[in-house]
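Asker: A structural model of the following input is requested.
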Amino acid sequence: MDTYSLGQQLRAAREAKEITLLNAETALKIRQQVLENFEQGDFNVAGASPVQVRGFIRNYARYIGLDEERTLLSYDAALQPNNRRRRADQRSSQTAPQVNARPKTEPRPATPSYRDTQEARRRPSPTRRLLSLLLLILLGLGALTIIAFVTQQLITTPPETVFIEDGERANSDLIADLPPSLTFTPTATQTPGRTPTLLPRTFQDYAGQPVLVTLEVRQRCWLRFEADGVEVFAGLVAPDEQFVIEYAANTEIIINASNAAALVVTYNGQPQLSFG
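Answerer: This is a model prediction of the structure:
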């Protein structure tokens, strides 16, 4: 058996066990290029002694499932013709005239290793890079659109709020155009600088309930009406709609409205001033 046949035998055993050169390099700590040269019949390792080369062959044969002693015998047998040829060349060199010219050898073309091939496959193509860039741009535009929409919703004017509470304290907070001193009390009080007006309204039959509110909406207005924390009504009232709501509560009634001038409120039998 020559060295080339021995290398083919090593390669066939490795492929039969579906072992890659990279796996063998990791397990045996032998460079992948050395193992690849072994399978091509080249057992010359730069900087390694013959004993070290035999150790490499022994470990590789054991790893791929071959009989290590038989593999070493095949390696020794493959080297026999080379040793005989070397001795014959030495004898002929002693008798024949010295010739300085060395036979020219064709350089063996370098074959790409398994690792180089895998790295080339992992590199993204220009088309894939372009698609990734376009995807990032689309995601960025979508995020900007969402942020702009949320910002526009946050800066819109919130609805005006009327807060009615029973007991010793009864006050209201109307945002936007209501004066800070305006409160719900059984007796209406005038606010300096404004002329109070009492609009015609629906009669309220107050019988001593803790909180009784009659609410009329006479203009276009968005309205939310809550009693004791329970939402009674929420929606948009049209300008031509005759909307009247009367509700009794135990502790509080909260009114949120987008147009305070549209409200006509009667609280516990007492007509309240116009808020607009």
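Asker: Can you give the contact residues for stretch 231-244?
Answerer: Stretch 231-244 is contacted from outside by 202, 214-217, 219-226, 245, 247, 262, using C-beta atoms under 8 Å, 6 or more residues apart in numbering. C-beta coordinates here come from the backbone N, C-alpha and C atoms, glycine included.
Asker: And that stretch, what's buried?
Answerer: For stretch 231-244, the buried set under the neighbour-count rule, 16 or more other C-beta atoms under 10 Å, comprises residue 237.
Asker: Kindly report the same for stretch 206-214.
Answerer: By neighbour count on 16+ other C-beta under 10 Å, the buried set for stretch 206-214 is 211-214.
Asker: Stretch 35-55 now?
Answerer: Quick answer for stretch 35-55 (16+ other C-beta under 10 Å): 35-41, 43, 45, 53-54.
Asker: mind giving me the domain ranges of this structure?
Answerer: 3-97+108-122, 160-271 (automatic domain parsing).
Asker: Pick out the shakiest of those, pLDDT-wise.
Answerer: Confidence, taken as mean pLDDT, is least for domain 160-271 of these (a mean of 74).
Asker: wait, which of the contacts of stretch 231-244 is closest to residue 24?
Answerer: Lowest distance from residue 24 to these (C-beta to C-beta) belongs to residue 224, with 75.4 Å.
Asker: Check the secondary structure at that closest one for me.
Answerer: Following DSSP: H, G, I helix; E, B strand; the rest coil, residue 224 is assigned to strand.
Asker: so how far is residue 212 from it?
Answerer: Taken as C-beta to C-beta, to the nearest Å, the spacing of residue 224 relative to residue 212 amounts to 19 Å.
Asker: next one: residue 264
Answerer: According to C-beta to C-beta, residue 264 and residue 212 sit 15 Å apart.
Asker: Same question for residue 229.
Answerer: Counting by C-beta to C-beta, the gap from residue 229 to residue 212 is 17 Å.
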